[in-house]
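Visitor: For reference, the sequence and a predicted model appear below.
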Amino acid sequence: MTKEQFVVTAAQMRDIETRIFTAGMPVAALMEKVGGLIFQRLQTIISPDKCVGILAGPGHNGGDALVVARELYFHGYKVWIYQPFSKLKELTSQHFQYVQSLEIPCYQQINELPNCDFLIDGLFGFGLEREITDSIAAAINYFNQRNQPIISIDIPSGLHTDTGEVLGTAIQASYTFCLGLWKQGLLQEQALPYIGKAELIDFHIPLTDIHAVLDNVPQIKRITKTTALSTLPLPRPLITHKYKQGNLLLICGSRRYAGGAILTGLGARASGVGMLSIAVPESLKMSLVSHLPEALIIGCPETEKGAIANLPLVGCVSDSVTHLIDLNSFTTIACGPGLTTDNISIIPEIIECECPLILDADALNILAQLGTIPLLKSRKSATVITPHTGEFKRLFPHIDYTNRVKAVQAAAHESGAIVLLKGARTAISNPQGSVWINPESTPALARGGSGDVLTGLLGGLLAQIPTPELTMEDVVASATWWHSQAGILAAQARTELGVDAFTLTQYLLPVLKR
Ligand SMILES: NC(=O)C1=CN([C@@H]2O[C@H](COP(=O)(O)OP(=O)(O)OC[C@H]3O[C@@H](n4cnc5c(N)ncnc54)[C@H](O)[C@@H]3O)[C@@H](O)[C@H]2O)[C@@H](O)CC1
Ligand SMILES: Nc1ncnc2c1ncn2[C@@H]1O[C@H](COP(=O)(O)OP(=O)(O)O)[C@@H](O)[C@H]1O
Ligand SMILES: [K+]
C-alpha cells in the first residue's frame, strides 16, 4: 500500500505520532521538518513579493504555522501573525517567543489586522476537541469573509478530524495540506465545501508504525489511480473467448424509463465484458438493439404500464418469448435502473440467482418495500447494493447517515451485502467493515442517468473477475473510480454543464487511454 491509500482518525494519528516520538524522534525536530515541507510547497504557490497572514492556534498546529511564518519571513515575504490565545503548548510558545523577537508583527485582535494576499490557517489540527465559540468563532467567520485564499495546515480549523462535521464554525480553505496521512474527515461529504484543493504532505512516517496502529489490512482506504487500475481486466489474456471475459445480464428499463436501460448497457459496453444480455420489456426491444447491436436483447412480457411483468425463465412455457433466461448461466446480474416499482414480484425471483448480483435504483426501492435484510441474507453469492442517499434512507431508515463511513459499515454488516453509498464522496463497505472511499469526483455527475452508467460499468467489471484472485469490493471501488474520473475528464473538456449521462459513457474509455 502507498501512503496515499491510508486513512486515519485523530486517535489513530495520535497513536502513530506517539510511536514515532517514543522511538526517539524529537517532537521539535518533527515540527521543524513538517513546517519546512509546508514552506517549500508554499513557495510554489506564493511569490516572495506577497504578504502572508499567519493564523496560529495554541497547539502544535499553531506550532507548525509559526515555523512556516519564520521561514517565510527569512525568505523575504511580508508576514504578520494573528495569535489570540493566552495559553500555548510549550513548543508552540517557544516558536511564538522567537518570531516575536524577530519583530514579525503579532496581533490578538482581528480589527488590528493589516491586509495580506494569503492566509495560512494553523488554528487547530487534529487536536480540536470541542465546538469553537466566542471570539475565535467570530475570527474564523471574519477570515472566511476576507477575500484572500486560505491555506489550511492539516485540516481546515473547525472540522472534526473523523466526521468532517463543522464544530461551531470552520475555515473555508482554498487549499488543505494534509500532514502525513489522510484524515478521515477530509473524505467525508460534509467537509467538502471547506477543504478546497487537498493534498498530502508526506513527512516520512515509517510503514511499520502505520501498520502497527491500523493493522495489516487497514479498515478504511482511499481509492487511488494505482489501486483502481490494478483490478481492471487489463491486459486481456491472449488465449480467451467471449464467455471467459464475463457473461453479464442486465435487467432494467420500462416504457417510462427506456433510456435507463440504454445507459446501463452503454456503461457495461465500456467494461469490455465478453457477453452482454439485456432483459427489457418487449416494447423496448428494438430501441435497445439499435443502440447496442452487440448485446443480446431479451424482450420480456410487460405490465399494462410497461414494466417487466415477469422474466421468461428457462422452464416456463411461453409462446410469445423467443429467448428464455437461465439465471444461473451468468457470471453477474445487475438489476434496477428504470424498472419502476410497478411490479415488485420480479425481485424475489432474481435474488434467488447464484451469481454475484448488483441491485440499484428501483430494485432498491422494491427491496425497501419487501424488507432488505432477510432477502439479502439468504443469498448464496455476493450482493452489491448501490443506493444514493435517498435510497439508503429507505433501505436503512434506522441508520444515521451523517457519518457516511460508519453508515456504510453498519448497512453492510446488517445486510451482508457490499454497500456502495453514492454521492460526492462515494463510500463502499463490505460486510466485515472494510471501507473504500472515492476521494475525487465532480458535481457534473449530479445528473439523471449517471448512476445507471455506473451500474452497467460495475456489472461488466464484476462479471469479468477471475475469482478468487480479486475481492469484489476492490472491483466495486475500481468501477467507482473509473466512473468519476470519466466525469472529471468530460467536465474538463465540456464544463460541468456538459456531462449528460450519454456523454459520460463516451468518456469512460478515454480515462484508461490517459
Ligand atoms: N501527527 C503528527 O505526527 C504531527 C502533527 N503535527 C501538528 O500537530 C497538530 C496536532 O496538534 P495538537 O495535538 O497540539 O492539537 P491542535 O493544534 O489541533 O490543537 C489543540 C489545542 O487546541 C485546544 N483546543 C481544542 N479545541 C478547542 C476549541 N474548540 N477552542 C479552543 N481551543 C481548543 C486544545 O486545548 C489544545 O491546546 C496536527 O494537526 C499537526 O498540525 C506536526 O507538528 C508534526 C507532526
Ligand atoms: N455532487 C456530486 N459530486 C460527485 N459525484 C456525484 C455528485 N452527485 C452525484 N454524484 C455521482 O453521480 C451518480 C448519480 O447516481 P444516481 O443518483 O443513482 O443517479 P441516477 O439514478 O439518475 O442514475 C453517482 O455515481 C454519484 O456518486
Ligand atoms: K488547521
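Guide: Cool, the structure landed. This is a predicted model, so every value here is computed, not measured. Ligands and ions are numbered 1, 2, ... in the order given.
Visitor: Report how many residues lie close to the residue in the stretch 201-350 of the chain positioned nearest to ligand 2.
Guide: The stretch 201-350 of the chain approaches ligand 2 most closely through Pro337 (6.7 Å), counting by C-beta to the nearest ligand atom. The C-beta positions use only the backbone N, C-alpha and C, and glycine is treated the same way. Pro337 has 31 neighbours, counted by other C-beta atoms under 10 Å.
Visitor: Verify the contact between Gly449 and Thr505 for me.
Guide: No: using C-beta atoms under 8 Å, Gly449 is not in contact with Thr505, being 9.4 Å away.
Visitor: residues shared between the contacts of those two?
Guide: Residues touching both Gly449 and Thr505 (C-beta atoms under 8 Å, 6 or more residues apart in numbering): Leu263.
Visitor: Looking at those two, which is more packed in?
Guide: Applying other C-beta under 10 Å to Gly449 and Thr505 shows that Thr505 carries more neighbours, namely 27 against 20.
Visitor: Give me the phi and psi for that one.
Guide: Main-chain dihedrals, Thr505, degrees, to the nearest 10: phi -60, psi -30.
Visitor: could you list every residue that touches it?
Guide: Leu263, Leu266, Gly267, Arg269, Ala270, Val453, Ala486.
Visitor: Give me the pLDDT value at it.
Guide: For Thr505, the model assigns a pLDDT of 98.
Visitor: Quick check: it vs Val453, distance?
Guide: Noted for Thr505: a distance of 6 Å to Val453, by C-beta to C-beta, to the nearest Å.
Visitor: what do these two both touch?
Guide: Leu263, Leu266, Gly267.
Visitor: from those, which would you call buried?
Guide: In the shared contacts of Thr505 and Val453, burial by neighbour count holds for Leu263, Leu266, Gly267, counting by 16 or more other C-beta atoms under 10 Å.
Visitor: can you count the residues close to the closest residue to the first one other than its chain neighbours?
Guide: Across the structure, with C-beta to C-beta, 6 or more residues apart in numbering as the measure, the residue nearest Leu263 apart from its sequence neighbours is Asp452 (4.1 Å). If you count neighbours by other C-beta under 10 Å, Asp452 ends up with 31.
Visitor: list the contacts for Asp452?
Guide: Cys252, Gly260, Leu263, Thr264, Gly267, Pro337, Gly338, Asp360, Ala361, Ala501.
Visitor: rewinding a little: okay if I get the buried ones among the shared contacts of Thr505 and Val453 as CSV plus pLDDT, secondary structure and distance to Phe143?
Guide: Formatted as CSV, these follow (pLDDT from 0 to 100; DSSP: H, G, I helix; E, B strand; the rest coil; distance: C-beta to C-beta, whole Å):
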residue, pLDDT, secondary structure, distance to Phe143
Leu263, 98, helix, 44
Leu266, 98, helix, 46
Gly267, 98, helix, 43
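Visitor: Which of these sits closest to His291?
Guide: Nearest to His291, judged by C-beta to C-beta, of these is Leu266 at 7.3 Å.
Visitor: what about the nearest residue to that closest one once chain neighbours are set aside, distance to ligand 2?
Guide: Nearest residue to Leu266, sequence neighbours excluded (C-beta to C-beta, 6+ apart): Thr505, at 4.0 Å. With the distance defined as C-beta to the nearest ligand atom, to the nearest Å, Thr505 ends up 12 Å from ligand 2.
Visitor: now swap in His60 and tell me
Guide: Taking C-beta to the nearest ligand atom, one finds His60 at 33 Å from ligand 2.
Visitor: distance of that residue from Thr161?
Guide: Between His60 and Thr161 the distance is 13 Å, computed by C-beta to C-beta.
Visitor: shared neighbours of the two, anything?
Guide: Gly125.
Visitor: Between those two, which is the more surrounded one?
Guide: The neighbour count for His60 versus Thr161, taken as other C-beta under 10 Å, is higher for Thr161 (27 against 23).
Visitor: my read: the more buried one touches Arg14, true?
Guide: No: between Thr161 and Arg14 there is no contact under C-beta under 8 Å: 9.8 Å.
Visitor: intersection of neighbour lists for those two?
Guide: Joint contacts of Thr161 and Arg14 (C-beta under 8 Å, 6+ apart) are Phe126.
Visitor: Please enumerate the strands of the stretch 151-300 of the chain.
Guide: Assigned by DSSP state E, counting those that start in this stretch, the stretch 151-300 of the chain shows strands spanning 175-179, 182-183, 197-201, 220-222, 247-251, 275-281, 296-300.
Visitor: Tell me which of these sits nearest to Ile155.
Guide: strand 182-183 (5.5 Å).
Visitor: Pull the residues that contact the closest one.
Guide: By C-beta under 8 Å, 6+ apart, the residues outside strand 182-183 that reach it are 4, 6-10, 13, 126, 154-155, 161-162, 200, 222, 439.
Visitor: Lowest-confidence entry in those?
Guide: Glu4 (91).
Visitor: A helix includes it, no?
Guide: Yes: the assignment for Glu4 by DSSP: H, G, I helix; E, B strand; the rest coil puts it in a helix.
Visitor: What about it, how many residues nearby?
Guide: For Glu4, the neighbour count with other C-beta under 10 Å is 19.
Visitor: Excluding chain neighbours, give the residue nearest to it in space.
Guide: Thr224 (5.1 Å).
Visitor: Now do the same contact list for the one you found.
Guide: Neighbours of Thr224 in contact, by C-beta under 8 Å, 6+ apart: Thr2, Glu4, Gln5, Pro439, Trp481.
Visitor: Would you confirm that the third one contacts Lys221?
Guide: Yes: in terms of C-beta under 8 Å, Gln5 counts as a neighbour of Lys221; the distance is 5.1 Å.
Visitor: Report the set of residues contacting both of those two.
Guide: Residues touching both Gln5 and Lys221 by C-beta under 8 Å, 6+ apart: Thr227.
Visitor: Those two - which one has more neighbours?
Guide: Lys221 (23 against 18).
Visitor: residues in contact with that one?
Guide: Per C-beta under 8 Å, 6+ apart, neighbours of Lys221: Met1, Gln5, Phe6, Val7, Thr227, Ser434, Val435, Trp436, Ile437.
Visitor: Show me the contact partners of the helix or strand harbouring Val511.
Guide: For Val511, the host element (DSSP states H and E) is helix 508-513. Helix 508-513 is contacted from outside by Leu232, Leu234, Gly267, Ala270, Val453, Leu457, Trp482, His483, Gln485, Ala486, Leu489, using C-beta under 8 Å, 6+ apart.
Visitor: Repeat the analysis, applying 6 Å as the threshold.
Guide: Helix 508-513 is contacted by residues Ala270, Gln485, Ala486, Leu489 when judged by C-beta atoms under 6 Å, 6 or more residues apart in numbering.
Visitor: ok, those residues vs Met472, which is closest?
Guide: Top of the list for closeness to Met472, among the contacts of helix 508-513 and by C-beta to C-beta, is Ala270 at 19.4 Å.
Visitor: what residues does the stretch 101-250 of the chain put near ligand 1?
Guide: Residues of the stretch 101-250 of the chain lying close to ligand 1 (C-beta under 6 Å from any ligand atom) are 124-132, 136, 153-154, 179-180.
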